[in-house]
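Chemist: Just need the structure, nothing else, for what follows:
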Amino acid sequence: MKQIKPIIWGVAIIALGLIFGLNAFGLFNFNIFFDGWWTLFIIVPSVISLFTEKDKLASLGFISAGVILLLAAQDVFSYGVAWKVILAVFLVVAGLTIIIRSTFHNKNDQEVEKKVKEAEKDGKTMDSQMAIFSGSDRVYKDETFQGSNLVAIFGGAKLNLKNAKFDKDTVIKAFTLFGGIDIIVPDDVKVKLKSGFIFGGFSDDRKNATEKGKYTIYIDAAGGFGGVTITDKDEK
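Modeler: The predicted structure is shown next:
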């Protein structure tokens, strides 16, 4: 999937360039600046996400919103009606997302839930990291990681565990709303993740993911209009 996404974007940009070039030589007559052309900035990325991202319902929701706004721009109906329909579509998509994710729990989700509950019952305080309308960057250097509670609201949080020490399995709770969270993990630690996003998602960008590590990080990620990224690359 990681390779497909840039290819699709490349094809889309090439197609746009060909349209402009053929128009310039009079070989193709297409006015890209039609009424509502700006909705393409919603529709095209959403169509690409439909094929490259796991959250298909969110992509379908944004495609629907873009098409509805395009129809409004073409005077099929008023913008007042359009926004009401868009709200209805997003509510339906949000409801379906909650139902599907609560119904089709897989074994991995159940294992993460169990570990999170055990950590909460244990009573030990996990490190807290909050980024609200701001940024937060926490780096572990030869410190023993015991778990973390990450919150990013209209901001970004980064947790760097590349050089952290582990003496047991640990839990990370990550919540983001209109924000983003980056978690950098060591190469020799397993990661199991449970996600519950509405119009958002997670991305596992690890190059050296392992299933044979001695310890496991259990990540419970949730939120809306945001995302959590897991990587093993420490970009300085």
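
Chemist: what about Asn29, which SS state?
Modeler: coil (DSSP: H, G, I helix; E, B strand; the rest coil).

Chemist: contacting residues around Asp234?
Modeler: Shown in contact with Asp234 (C-beta atoms under 8 Å, 6 or more residues apart in numbering): Asn160, Lys162, Ile184. For glycine as for every other residue, the C-beta is placed from the backbone atoms N, C-alpha and C.

Chemist: Let's see which of those end up in strands.
Modeler: Asn160, Lys162, Ile184 (DSSP state E).

Chemist: TSV please, covering these and showing neighbour count, distance to Gly95 and pLDDT.
Modeler: TSV is the format used below for the ones in strands among the contacts of Asp234 (neighbours: other C-beta atoms under 10 Å; distance: C-beta to C-beta, whole Å; pLDDT from 0 to 100):
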residue	neighbour count	distance to Gly95	pLDDT
Asn160	18	37	93
Lys162	15	39	90
Ile184	22	35	92
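
Chemist: Would you reformat those residues as a markdown table and include distance to Phe178?
Modeler: Shown next, in a markdown table, are the ones in strands among the contacts of Asp234 (distance: C-beta to C-beta, whole Å):
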| residue | distance to Phe178 |
| --- | --- |
| Asn160 | 23 |
| Lys162 | 27 |
| Ile184 | 22 |
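
Chemist: circling back to that earlier point, ok, the contacts of Asp234 vs Ile43, which is closest?
Modeler: Ile184 (34.0 Å; C-beta to C-beta).

Chemist: For Val139, give its distance to Phe33.
Modeler: Val139 sits 48 Å away from Phe33, going by C-beta to C-beta, to the nearest Å.

Chemist: Gly61 now?
Modeler: 26 Å.

Chemist: Kindly report the same for Gly201.
Modeler: 32 Å.

Chemist: of those two, who's got more company?
Modeler: Gly201 (18 against 7; other C-beta atoms under 10 Å).

Chemist: ok, that one touching Gly227?
Modeler: Yes - with contact defined as C-beta atoms under 8 Å, Gly201 reaches Gly227; the gap is 5.5 Å.

Chemist: top helix in this structure by residue count?
Modeler: Secondary structure of the chain per DSSP state H: the longest helix is helix 79-103.
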